[in-house]
Structure formats: C-alpha cells, structure tokens
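Engineer: here's my sequence, what's the structure:
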Amino acid sequence: MLGLVTPHGTLVNAGVLLFTGQLRHAEDLAYVQRRTPAGELVVNEHLQAPLLPAIQRIFDRIGARLDRTPVNLPGGQQLQLADLPEAAVREAIINAAMHRDHRRLGVINVEHTATRLVVTSPGPFVSGVTVHNLLTTSSRSRNPFLSTAVRTLGLAETAGAGVDRMYAEMARLGHQPPSFSADLDQVQVTLLGGSPNTYVARFVATLPADEAEDADTMLVLLTLLARRTVTADVMVPVLQKPEPEARAVLDRLGSESVALIERTRESVRRTRPVYRLREHVVALLGPALTYHRRTTDEYDRKIIGLVREAGEVNARMVKLMLDLDTAPASRVLGDLIERGILVKTSHAQRGPGVTYGPGPLFPKRPRR
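Structural biologist: Numbering: from 1, shown residues only. Below you'll find the model as predicted:
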C-alpha cells in the first residue's frame, strides 16, 4: 500500500529508512531543547533509525513542551492555541526528512525553545527550488518513494501543500512566516512563535475554512496588520507570484464572496488599484493593527489640543484637521465620547451646530 516493496518482495531504500536500522547515520535526527534560544540545554537527544519512530519521538517531545493560550470565541467556544503551531512544526520536520539528501552523511538537527523552532537538514534544495519560489514552484522531491509513503501515512500534507501550510498556520496566529535559508550544504527553516495575537486568532476563526487555511489569504492579512494599504506590486515578493497573479489574489479577497479587503475610493477605477482592509475587518482586528493604534493616539492628541485652545469642537473642525470624511470623523468623535474624553455641549442634534467639549476623563494640562 505504501509502495515500498519491490516486485521481488524486498524493501526499497525509502522502506529501509522508515522501518529498519540498516542504513546508519543518513537517517539520524538530533533533538535539542533549551529554555531560551541562548540558554542551557534541557534535552539533548540523538535519535537513530528507524526514521518513522524517530520522527514520532520528536513530535512527542515538542508537543509536551509547547505552551498554549486559551482564546475564547464569540460563540462561547474556546481554542487552545500553541505558541508554535503544531501543524507548522510537523511540516517543518517532515519536510526536512522527506527532502534531505540521504546520499550524504549527516543529521537532521531540530533545535527547540518555547517560542522558536529551527530545523536544519543536510543537502541543498532540490534543483529549481529557491527561498524565493517555495510557495509557487511545482512539487519536487529528491526522494519520491519516501515522500509518497510519508503522505500516505498521513504525516504530511498533499504534494506541494506543506510549505503553504506552514505559512498559513504561522500567519493565522499573527506570527511572521517561516524563514528559510539554504546553501550547497544544508537547508534551514526557522519558526518564530510566541503568545498568539488573540485578535488575529479570533478573526481568523470567523473566516470560512478555505480562506483560513489559504496561505495567500493569510499573508495578505498579515501584511495589512502593519500596512494601511497594499498594492499588487507590494505583494509580489510576499506571495512569491508575478504581478498579475498577485493582483488576482487581491481582487478575489476584495470580492463580495470574501469581503476581506476593498479598493480605496481614490483607486477604484485605476488599473493598478490600492487595497485596504474593509471597515468591519478593521473593527474586529482592533489593536492587532499597529497603524490603527498610532492613528488613534495621534487623533486624540490633536483633538485634545484643539479643545484646549478653542474650548469646543464640531465634526467639521475634526474633518478639516484630520483630513477625514464625514463617517470616519463621526467614529472618531464617538470613540472619544465613549471613553469619557469628550461630551456633547450643545442641544443641536445634527449639523455644524453640534459641539463637543471636555468630558470627565479629559486630560489635564501637565504641570510645568
């Protein structure tokens, strides 16, 4: 069933690697665990053949040492999210075992701390694969019998999906994508985790499964956590796709069926549009948006300063000062009222006659 037996009833090399100890050294793994990246060794274990139980042993070792954070979803469900996504960890180790150069002597090294995993395997990338096309190059294996058997056993994703899975799993927790480096002697992948961004994790949990598991979707979302807008040109190196394909990804995510992003008003009719997160997505992600926090602080500072000088403000003054449209200006004022920084000071219900002054939590002037 695994395709590891010859017509003569003997094991192919991949079967020998997986199930016997007859090929020494080429299939060995080393597992090192530290409390911190530069800290003392807690575990230093050398795992010899057969390859299959050695891999499972490392999975068990890592799984026992992963810290988990409970995240409550709006519907009452609770997720237990590991600081390093287990699916990404498994793919990193399995990929090293499947694609290493088994003709070379050497050990697959797995170095693990609570928030970091580094996997180093002997040999270069397969011909045609580089750090710049991992997400898009067609599936290639140096050891096709081994790769097929590992996937049949359910230890790895289908062909060509393992790296995508690593990227998606890291991004959906708000972590940076895997970092790959390679030369003629080895390939190394690094996963940097830590406590998950709960705002990102909650939002991703509301997405359809196809989108939450899609590397392109997660990478666009991750990019827009730190950038207010993106273009297809910006996403080319991130998605590892040519510009037309990157633009197609953005258009798909901007469609009403997905409704994750939208074209900015100024670029709706441009051939090279600019995209931003939709308003409801911004509201759900909240503090996960780094630029949103900076903008909020800046808005507060400017409006507070204006109120101190003029005694009160209205929506028109806020629009002109912050260069906002009517709806965003109203949201800014509403947020300040909700936080007690401003209060309504007029009887008018609509228009420029509606004014706002210092509320109970309006900051006092610092003493000189």
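
Engineer: excluding its backbone neighbours, what's nearest L52?
Structural biologist: L18 (4.7 Å; CB to CB, 6 or more residues apart in numbering). Where C-beta positions appear, they are placed from N, C-alpha and C, glycine not excepted.

Engineer: quick check: the one you found is in a helix.
Structural biologist: Yes - applying DSSP: H, G, I helix; E, B strand; the rest coil, one finds L18 inside a helix.

Engineer: quick check: it vs P50, distance?
Structural biologist: 6 Å (CB to CB, to the nearest Å).

Engineer: the two: which has the busier surroundings?
Structural biologist: L18 (25 against 18; other CB atoms under 10 Å).

Engineer: look up how far N143 lies from that one.
Structural biologist: Distance, L18 to N143, using CB to CB: 11 Å.

Engineer: kindly report the same for T69.
Structural biologist: Taken as CB to CB, the span from T69 to N143 is 37 Å.

Engineer: ditto for R90
Structural biologist: Distance from R90 to N143, by CB to CB: 18 Å.

Engineer: isn't the residue nearest to L52 up against L51?
Structural biologist: Yes - the pair L18 / L51 is scored as a contact, 5.1 Å apart, by CB atoms under 8 Å.

Engineer: show the contacting residues for the residue nearest to L289 when sequence neighbours are not counted.
Structural biologist: In space, L289 comes closest to L225 once its chain neighbours are excluded; the distance is 5.9 Å by CB to CB, 6+ apart. L225 makes contact with G174, V200, L285, A288, L289, T290 under the criterion CB atoms under 8 Å, 6 or more residues apart in numbering.

Engineer: what about burial for these, which qualify?
Structural biologist: Buried members of the contacts of L225, counted by 16 or more other CB atoms under 10 Å: G174, V200, L285, A288, L289.

Engineer: contacting residues around the helix or strand hosting the third one?
Structural biologist: Pointing back at L285 there. Here L285, judged by DSSP states H and E, is contained in helix 279-285. Here helix 279-285 makes contact (CB under 8 Å, 6+ apart) with Y199, V200, R202, F203, T206, L225, A259, L260, I261, L277, L289, H292.

Engineer: E111 belongs to a strand?
Structural biologist: Yes - assessed by three-state DSSP, E111 belongs to a strand.

Engineer: who's it bridged to?
Structural biologist: Counting by DSSP bridges, E111 is bridged to V32, V118.

Engineer: can you give me the buried ones in the longest helix along the chain?
Structural biologist: Taking DSSP state H as the criterion, the chain has its longest helix at helix 290-310. By 16+ other CB under 10 Å, the buried positions in helix 290-310 come out as H292, Y299, D300, I303, I304, V307.

Engineer: give the other helices and strands that that helix contacts.
Structural biologist: Helices and strands touching helix 290-310, by 3 or more CB pairs under 8 Å, 6 or more residues apart in numbering; DSSP states H and E, are helix 215-226, strand 313-314, helix 315-322, helix 326-338, strand 355-358.

Engineer: 10 Å - rerun?
Structural biologist: Counting by 3 or more CB pairs under 10 Å, 6 or more residues apart in numbering; DSSP states H and E, the packing neighbours recorded for helix 290-310 are helix 215-226, helix 279-285, strand 313-314, helix 315-322, helix 326-338, strand 342-344, strand 355-358.

Engineer: and the strands in the stretch 51-200 of the chain?
Structural biologist: Secondary structure of the stretch 51-200 of the chain (DSSP state E, counting those that start in this stretch): strands at 68-72, 78-82, 108-113, 116-122, 179-182, 186-192.

Engineer: who's the closest residue in space to R104 that isn't next to it in sequence bridged to?
Structural biologist: In this structure, R104 finds its nearest non-sequential neighbour in P122, 4.7 Å apart by CB to CB, 6+ apart. Note on P122: beta-bridge partners Q186, judged by DSSP bridges.

Engineer: what about P122, how many residues nearby?
Structural biologist: Neighbours of P122 (other CB under 10 Å): 19.

Engineer: overlap in contacts, L18 and N143.
Structural biologist: A97, A149, V150 (CB atoms under 10 Å, 6 or more residues apart in numbering).

Engineer: got any ranges where the stretch 51-200 of the chain has weak pLDDT?
Structural biologist: By pLDDT under 70, the weakly predicted segments of the stretch 51-200 of the chain are 157-161.
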